[in-house]
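>>> Quick one: sequence plus predicted model below, questions after.
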Amino acid sequence: MKLDGTALTVFIVLFALVTILGFVAARWRRPASLDTLDEWGLGGRGFGGWVTWFLLGGDLYTAYTFIAVPGAMYAAGAVSGWFAVAYTIMVWPIVFVLMPRLWSVAHKHGYVTPADFVRGRFDSSGLALVVAFTGILALMPYIALQLVGIQSVLQVMGLGAGSSGFVKDLPLVIAFVLLAAYTYTSGLRAPAMIAFVKDALVYIVILVAVIYIPIRLGGYGHIFSAVNTHAHTLAAAAKAKHKPPPFSLIPGHAAYWSYATLALGSAMALFMYPHSVTGVLASGRRNTVRRNTAALPLYTLLLAFIALLGYMAIDSGIKTTNYRLVAPLLFRQMFPSWFAGVGYAAIAIGALVPAAIMSIAAANLFTRNIYREYFRRSASPKEQAQVAKLMSLVVKFGALAFVLGLNTQNAINLQLLGGVWILQTFPSIAIGLFTRWLHRWALIAGWAVAMVYGTVEAYQQSTPTVAHFASSVAKVPLLGQSAYLGLTALVLNLIIAIVGTLVLRVVHPTSAGVDQTSPEDYLVDREDEDAGPDVAVPNRALAG
Amino acid sequence: MAKTSSPVSRNAPLRFADAPWTYVLTAVMQGAALVALLWVPSYAKATPALGGFPFFYWYTLLWLLINAAMQFGAYQLLVARPRRRRARGARTGVAL
């Protein structure tokens, strides 16, 4: 693609601004030292309502939103694209119920990761290892998706065009190294601070896009009718070849189960991800997150309109078989160069923030639940912070392997694949917040079988162009309907966990371990102040 | 259920036994959007359209708004209102 000088200049200026912010963030709220996990990995555990709103938004609305969802809408329509809107609505009730309990028990016992909690609750370092391993594994394709987002933008700007090999990937590598460097020095403070810039950019770009582009195209009515025609054309072509229609404006009978399970599975998975938990635990009070669930749907509204960018691309006649380029291509076609540059920057920075938070979360998991548990029991807080910093680098390079090894065209599948894995920790974490009736060994057995089942099934999904991992929807045994693999595997997981628990209670009744938490621990709040509702903790206020 | 920390913390959460009906109500409020959106056959259709949006699309967005309102309401019922009551109780010396 042709190099666009104006757009590139705007992009570089904004990107440089954010990079400087990332390094400056180490001084934000002036901690005495960044050499502990609480400071490096949880930003001091004192974020108030506003920062938490931005941080969770930055956490959850990622390159997934800007690259994967419009791409899926463009390629396949409602079932594999619009479900993301349903899922990001359904997630808030789930957060409302689960997260305050997790916050309280983590606050009481000093847990940093979901695996810390599982270890304390079920008295099992094995189960904690399983949760930590799954968290790190599931984050890799999710971080990879962020890299794909940055890559797409660079590609549309014309960087690296014509060259090959290392030179072609050089811009991505530079962006990546900068990200790794300030995450290393500033920890969670870097993405928390950049999240403000990111959101400002995203809101400006999206507001302009959802008003300006439809006006140019003749309104939403015109867009939807163009998509309807497009769907009929594709369906007729597919019918001639005796294939199912590849695109649906409205889910048909056969897709009800897929649509519902993709939405529900993704909603249940989202807050099992370690980086989402990081965002919750970094908040200052028990109900900060709960109060936020009324305001966070604003991000969902954004997501809905961003999803429609995929339809706008269809209406404006954009033709590509590389679906991840749909949103940047639309910007290029519709916007003047300088504003397209702002749009590209919004997408790239929107990918940096979550990539940083995710790698921090994965690093916390490794340090707390693998390094300290199995290698260095006596690791000092300073040593733990150091290991976490190094691990945040390792994880990012693991993500690179996913970018190179998997098909990135159907980018939404990267996130769904992570979901297949992370959902298998739902019984230990989410159900564990309410009861420890499930036996620790049965939980491990259920997890193991579900992980193998989910991975093998996902591996076997193919399309004419992609040999493996082409889709996350598959026929459910016995049911005869297609559904999200993650949820099918979770049902299998739960059946084994329940049956296993019943058996273990009979054959080995004393093996359940000792719960380190008490029922009251799930309800505690900060007691050190009597301030108003969920504001930042005094003298740790935002401006700090 | 005697908690060691006295007086009753303003931040202590409302327990089910304190206000069962509040709990039931908030549960319904939390569950509404889940049920509505999972019941795909009820809204997988094109008409009636609104502002160019097929029914399927604007109905989903309608639930986005309803759910946001439900979240706000549930927070008020379960967290904010009990806290205000306790604050009043503390000022007037009436234990709750």
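Perfect, thanks for sending it. Predicted model, so just to flag it, every value in this text is computed and none were measured.

>>> Give me the phi and psi for the residue nearest to A:A238 when sequence neighbours are not counted.
Of all residues not flanking A:A238 in the chain, A:P245 sits nearest, at 5.1 Å (Cβ to Cβ, 6 or more residues apart in numbering or on different chains). (Each C-beta comes from the backbone N, C-alpha and C, glycine too.) Torsion angles at A:P245 (phi, psi; degrees, to the nearest 10) stand at phi -60, psi 130.

>>> How about the one 3 residues further on?
With angles defined as degrees, to the nearest 10, A:S248 sits at phi -140, psi 130.

>>> isn't it right up against A:A231?
Yes - in this structure, A:S248 is within contact of A:A231 by Cβ atoms under 8 Å, at 6.5 Å.

>>> Between those two, which contacts overlap?
Residues touching both A:S248 and A:A231 (Cβ atoms under 8 Å, 6 or more residues apart in numbering or on different chains) are A:G77.

>>> quick one: which of the two has more around it?
Taking other Cβ atoms under 10 Å in any protein chain shown, A:S248 and A:A231 do not tie; A:S248 has more neighbours (22 against 19).

>>> Give me the pLDDT value at that one.
pLDDT for A:S248: 84.

>>> Run through the bridge partners of it.
With DSSP bridges as the criterion, A:S248 is bridged to A:G77.

>>> Can you give me the distance of it to A:A75?
According to Cβ to Cβ, to the nearest Å, A:S248 and A:A75 sit 11 Å apart.

>>> what do you get for A:T278?
A:T278 sits 32 Å away from A:A75, going by Cβ to Cβ.

>>> Name the residue in those two with the higher neighbour count.
Between A:T278 and A:A75, counted using other Cβ under 10 Å, the more crowded position is A:T278 (27 against 21).

>>> ok but that one is inside a helix, no?
Yes - assigned with DSSP: H, G, I helix; E, B strand; the rest coil, A:T278 falls within a helix.

>>> you'd agree it is up against A:I357?
Yes - at 6.3 Å, A:T278 counts as touching A:I357 under the criterion of Cβ under 8 Å.

>>> State the pLDDT value of the one residue in the stretch 401-544 of chain A that gets nearest to chain B.
Minimum separation of the stretch 401-544 of chain A from chain B (Cβ to the nearest Cβ) falls at A:D525, amounting to 3.8 Å. Turning to A:D525, the model gives it a pLDDT of 84.

>>> neighbours of it, just the number please.
For A:D525, using other Cβ under 10 Å, the count is 19.

>>> and it, which of the three is it?
With three-state DSSP as the criterion, A:D525 reads coil.

>>> State the helix or strand in which A:L17 lies.
Element membership for A:L17, per DSSP states H and E: helix A:5-24.

>>> For chain B, give me its nearest residue in the stretch 1-150 of chain A.
A:P93 (4.0 Å).

>>> Mind checking what secondary structure the residue in the stretch 151-300 of chain A positioned nearest to chain B has?
The stretch 151-300 of chain A approaches chain B most closely through A:G221 (3.0 Å), counting by Cβ to the nearest Cβ. Here A:G221 is recorded as helix under three-state DSSP.

>>> for it, what are its contacts?
For A:G221, the contact set (Cβ under 8 Å, 6+ apart) comprises B:A49, B:G51, B:G52.
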